[in-house]
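Peer 1: sequence plus predicted model, see below.
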Amino acid sequence: MTTAKDYRNDIRPNWCPGCGHYGVQAAITDAVVAKNIPPEKLAVISGIGCSSRIGGYFYAYGAHTTHGRALPYAQGVKLANQDLEVIACSGDGDAFAIGMGHTIHAFKRNVNMTYVVMDNHVYGLTKGQASPRSDIGFVTKTTPRGAFETPLSICETAIAAGATFVAQGYMINRAELVDLIQQAMDHEGFSFINVFSPCVTYNKHNSYDWFKEHLTSLPEGYDPTDRAAALKTLGETQGLVTGLIYQDTTKPSFEKAMAAVNGGPHARPLTEDVVKPDQALFDSLCNQFK
């Protein structure tokens with residue numbers, strides 16, 4: 001059995017004291033330990049931002065990629081080695097601004113992996129600018145008179161775009177968040193978890209006390225398979241709800257869909273009956289792009 005110690009390396013996180021991202025890292029660790037995933041079977045892929053430092057804090061495979069590009073990299077890793085448990089991590093700026101095009105297509109593409117977004121409603125690494133999730137009236141260096149754009153309703157967007165697993169967690173509620181991450185890893189397809197993770201340095205508005213006052217949990221007996229009810233619940237709570245909001249187990253994963261189109265497994269091991277392209281064929285293919 002694995003333990004939390006198995007995923008620790010010698011790099012000490014340099015997030016601000018009190019940053020919510022510590023709780024997210026702890027929850028991911030608890031989830032992979034509970035599922036007994038060894039470090040060599042785990043890949044943590046991140047983009048750019050405070051949240052995206054997380055990949056370097058795990059003793060596992062990983063890559064610290066470019067701004068907004070964690071998802072194309074992570075999907076490539078998963079499709080190249082389907083035995084890996086792939087978790088991509090981003091912040092709300094990374095995921096929903098420069099990376100939003102990739103995020104939308106990942107929702108509908110449905111590659112079998114997990115996407116954890118640490119949502120603090122602000123750009124922290126670049127010292128406090130408004131993000132796509134910032135509340136109206138939020139004063140930052142880029143919105144000195146208060147943000148006036150409507151914040152992105154990301155869970156409604158995910159469901160509308162075809163996501164098959166949409167959840168929200170709060171890093172303070174560690175047991176619930178660990179359970180959501182485990183459910184995400186068990187889901188066949190693309191799993192999206194938006195995690196409220198307060199920034200104690202640059203967002204004094206959406207503080208721990210603010211989330212305590214405004215967040216609510218899904219009611220007992222809630223049915224996450226009811227798409228209309230999920231959208232209705234998000235509208236009634238202004239998206240400030242935690243739990244498994246929506247899940248569709250009927251849509252095949254990207255891997256299964258592609259295998260069906262190809263008439264069988266889309267990736268085969270290289271054996272003697274699989275012929276490698278010879279040098280002449282390779283050269284002719286390359287010449288087409290000159």
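Peer 2: Nice, I can see it. Please read these numbers as outputs of a predicted model, since none were measured by experiment. Numbering: from 1, shown residues only.

Peer 1: quickly find the element holding the residue most central in space within the chain.
Peer 2: What sits nearest the mean C-alpha location of the chain, by Cα atoms, centre = their mean, is residue 115, with 2.0 Å. For residue 115, the element it lies in under DSSP states H and E is strand 114-119.

Peer 1: export that strand to CSV, keeping only CA atoms.
Peer 2: C-alpha atoms of strand 114-119 as CSV (Å, rounded to 0.1, in the frame of the first residue of the first chain):
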residue,chain,number,x,y,z
THR,A,114,-9.0,14.4,-14.3
TYR,A,115,-8.8,18.2,-14.4
VAL,A,116,-8.5,20.0,-11.1
VAL,A,117,-8.8,23.8,-11.2
MET,A,118,-7.8,25.9,-8.2
ASP,A,119,-10.3,28.8,-8.3
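
Peer 1: for it, packing partners?
Peer 2: Judged by 3 or more Cβ pairs under 8 Å, 6 or more residues apart in numbering; DSSP states H and E, strand 114-119 is in contact with helix 21-34, strand 85-91, helix 92-93, helix 174-186, strand 191-196. (Each C-beta comes from the backbone N, C-alpha and C, glycine too.)

Peer 1: could you check the angle helix 21-34 makes with it?
Peer 2: Relative orientation of strand 114-119 and helix 21-34, computed by axes from the mean of the first three to the mean of the last three Cα atoms, to 10 degrees: 160 degrees.

Peer 1: partners of strand 114-119, with directions?
Peer 2: As defined by DSSP bridges, the strand partners of strand 114-119 come to strand 85-91 (parallel), strand 191-196 (parallel).

Peer 1: now do the strands in the stretch 51-200 of the chain.
Peer 2: Taking DSSP state E, counting those that start in this stretch as the criterion, the stretch 51-200 of the chain contains strands spanning 61-64, 85-91, 114-119, 122-123, 129-130, 165-170, 191-196.

Peer 1: can you lay out those strands as CSV showing distance to residue 142 and mean pLDDT?
Peer 2: Converted to CSV, these look like this (distance: least, Cβ to Cβ, whole Å; pLDDT from 0 to 100):
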stretch, distance to residue 142, mean pLDDT
strand 61-64, 25, 94
strand 85-91, 16, 98
strand 114-119, 18, 98
strand 122-123, 8, 96
strand 129-130, 4, 96
strand 165-170, 26, 98
strand 191-196, 22, 98
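
Peer 1: my guess is residue 233 contacts residue 242, does it?
Peer 2: No. The criterion here is Cβ atoms under 8 Å, and residue 233 misses it with residue 242 at 11.4 Å.
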